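**Q** give the three-dimensional model of this entry:
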Amino acid sequence: MKIPPKIRFFLPVILWAGVIFAFSSYPTGTTTEIYWQDFIIKKMAHMVEYGVLTILSYRAFWNSGDGKRNAMISAVALAVFYAITDEIHQSFTPGREPRARDIIFDTIGALGVAFIIWKLLPIAPARLRRWAENFQLI
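**A** Reported below is the predicted structural model:
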C-alpha cells in the first residue's frame, strides 16, 4: 500500500505539533538550584522543538510543489504561528504561563534551521548532502 504524498509529508508535521502540544500540557517541573542551567536547557529545548517543526514543515511544503523559497517562508511562518498559539495554550495550563521570550527562542530555532537548510546544506560535504537528499530536504 502506497501512502499518498500529502499524507506522507504532512503527517510528521501534525504528529510533531502534537508532541509540542503534549509537552506544553504538563505543568512545569521542578527547577534545578542553578537557575542558569535550567534556563539554558529549557531554551535549547524550545529551539530544538521548533527547529524540528521547521524541518518537517519545509520538507512537506517543498515536496508538495512549493518552490524552495516559498516552502521555507511557509515553514518558518508556520513555526512562529504555532509558537504563538502554543504560548496561548500554556495560559490555560495550570502552573504554566505564556512568555514572549519563549516565542523568541522558538523563532530562533526556526530561523537557525532555515539558515542551515538554505545556506549550509548546499555547501556541506557530499555525504551530508546525500543524507539531506534522501530525507528530501534538498
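**Q** contacts, neighbours, all on C-alpha from now
**A** Will do.
**Q** the longest helix that the chain contains: what's the following helix or strand?
**A** The longest helix of the chain (DSSP state H) is helix 35-62. For helix 35-62, the following helix or strand on the C-terminal side (DSSP states H and E) is helix 68-90.
**Q** sketch out the low-pLDDT regions of the chain for me.
**A** Scanning the chain for pLDDT under 70 picks out the ranges 29-33.
**Q** buried sites along the longest helix of the chain?
**A** Buried residues in helix 35-62, defined by neighbour count with 16 or more other C-alpha atoms under 10 Å: 43, 46-62.
**Q** check stretch 97-117 too.
**A** Within stretch 97-117, judged by 16+ other C-alpha under 10 Å, the buried ones are 98, 102-114, 117.
**Q** cool, and stretch 115-133?
**A** Neighbour counts over stretch 115-133 (16+ other C-alpha under 10 Å) mark 117-118, 121, 129, 132 as buried.
**Q** coming back round to it: in helices only, show me the buried residues of stretch 97-117.
**A** The helices, defined by DSSP H, take in 102-114 from the buried residues of stretch 97-117.
**Q** will you turn those residues into CSV that also has distance to residue 71?
**A** Formatted as CSV, those follow (distance: C-alpha to C-alpha, whole Å):
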residue, distance to residue 71
102, 24
103, 21
104, 21
105, 21
106, 18
107, 16
108, 18
109, 17
110, 13
111, 13
112, 15
113, 13
114, 10
